[in-house]
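Enquirer: What would the 3D arrangement of this be:
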Amino acid sequence: MEGKTSRIIIADDHAVVRTGLQLILDETTDLEISEEARDGDELIEKLKLQQFDLVIMDVSMPGKDAMNALLEINVSWPDLPVVIFSMNPDELYAIRMIKNGAHAYINKETKPKQIIEVLRTVLNGKKYFFPNQLLLLGEMVSNPESTKALPHHLLTDRESQIFSMLASGIRKTEIAEKLGISKNTIGNHRNNIMKKLNMSLNSELTRYALRHGIIH
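Expert: Purely as a prediction, here's the structure:
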C-alpha cells in the first residue's frame, strides 16, 4: 500500500461519526475518506458514480439496511471490501455480517489506532477478526450446537438489529425513523422478537441483552 492513498467512502447517518473517522484518518498518509453517504441508498448511488478502495458502513442506517447494502455490493462490486461500523457488540451478529461478505466488524468503541490497523488489514485483502469473534468462530466449529442454544440466536438479522435498539431503550418511533421503515413494521418485528424470546416487556429485553453482553 506504500505510496498509494486508499479512497474510502463512509456511510453513516450521524455527522459526528463521519467527522470523527475523518479526524482519525487525517493522521495517516495512506487512508482518506474521499466521500460520505447518509444512508444505504445514497451509498449505492455514489458507488455507481465513483471508484473506491473501501466502504465503511454503519450497521443501522436509514433506508436500505446494512445487510441488503452489503449483499448488493457483493454482487455489483465483488472486489470492494466492506467494513461494518456498529454500536452493537453482539459477536454473533458480527460473525453473521462477516459470513455475508463483510471484511471486518468494528465496534464504535474501538480505539483509533486499532481502527487504522483494521482498515489497513482489510485493504491488504484480508479479513479482520477481533479476539472475541475468533473465540466464537472456534466455538462454532468445535461445537456447532452451542451457538444455537440461546433464543436470540434464532433472530433474523433485521430482528437482531431492532432487538438491540429496543433493549437500549430506543422507542419504536425513533427506530422506524432511523431505519426508514414504518412504525407498524417495527411493531411486527417486535412481536416476532418477543415471541422467539418468550417475553412481553421491553424491560425483559433489556435485562436479557445486558446479561448476554448484547448491550452494555
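
Enquirer: Tell me where the model's unsure across the protein.
Expert: Across the chain, the ranges flagged by pLDDT under 70 are 1-3, 88-90, 92, 140-149, 216.

Enquirer: in it, which residue is closest to the centre?
Expert: By CA atoms, centre = their mean, the mean C-alpha position of the chain lies nearest to V59, the distance being 3.1 Å.

Enquirer: Please name the spatially closest residue to I162 (chain neighbours excluded).
Expert: H189 (4.8 Å; CB to CB, 6 or more residues apart in numbering). Heads up, the C-betas are built off the backbone N, CA and C, glycines and all.

Enquirer: if I pick the one you found, what's in contact with it?
Expert: R158, E159, I162 (CB atoms under 8 Å, 6 or more residues apart in numbering).

Enquirer: Show me which positions of the strand or helix carrying it end up buried.
Expert: Using DSSP states H and E, H189 falls within helix 183-197. Using 16 or more other CB atoms under 10 Å as the test for burial, helix 183-197 gives I186, H189, R190, N192, I193, M194, K196, L197.

Enquirer: How about stretch 19-37?
Expert: Those would be L21, I24, L25, L31, I33, E35, E36, A37, for stretch 19-37 by 16+ other CB under 10 Å.

Enquirer: Now do it: everything it contacts.
Expert: By CB under 8 Å, 6+ apart, stretch 19-37 touches 1-2, 4-12, 18, 43, 45-46, 50, 52, 56, 85, 112, 115-116, 119-120, 123.

Enquirer: measure that stretch end to end?
Expert: 12 Å (CA to CA, to the nearest Å).

Enquirer: mind giving me the domain split of this protein?
Expert: With domains defined by automatic domain parsing, the chain comprises 6-137, 150-211.

Enquirer: can you give me the helices for the chain?
Expert: For the chain, the helices defined by DSSP state H cover 15-25, 40-49, 66-76, 91-99, 112-123, 131-142, 157-167, 172-179, 183-197, 202-211.

Enquirer: out of these, nearest to P151?
Expert: helix 183-197 (4.8 Å; CB to CB).

Enquirer: roughly how far is the closest one from the heart of the chain?
Expert: 20 Å (CA atoms, centre = their mean, to the nearest Å).

Enquirer: Could you do stretch 97-108 as well?
Expert: On the basis of CA atoms, centre = their mean, stretch 97-108 sits 6 Å off its chain's mean C-alpha point.

Enquirer: Please name the nearest non-neighbouring residue to the residue nearest to the centre of the chain.
Expert: Leaving out its chain neighbours, the residue that sits closest to V59 by CB to CB, 6+ apart is S86, at 3.9 Å.

Enquirer: what's the answer for K178, then?
Expert: With CB to CB, 6+ apart, the residue lying closest to K178 is P62, at 5.8 Å.

Enquirer: was I right about that neighbour contacting D39?
Expert: Yes. Between P62 and D39 there is a contact at 4.4 Å, judged by CB atoms under 8 Å.
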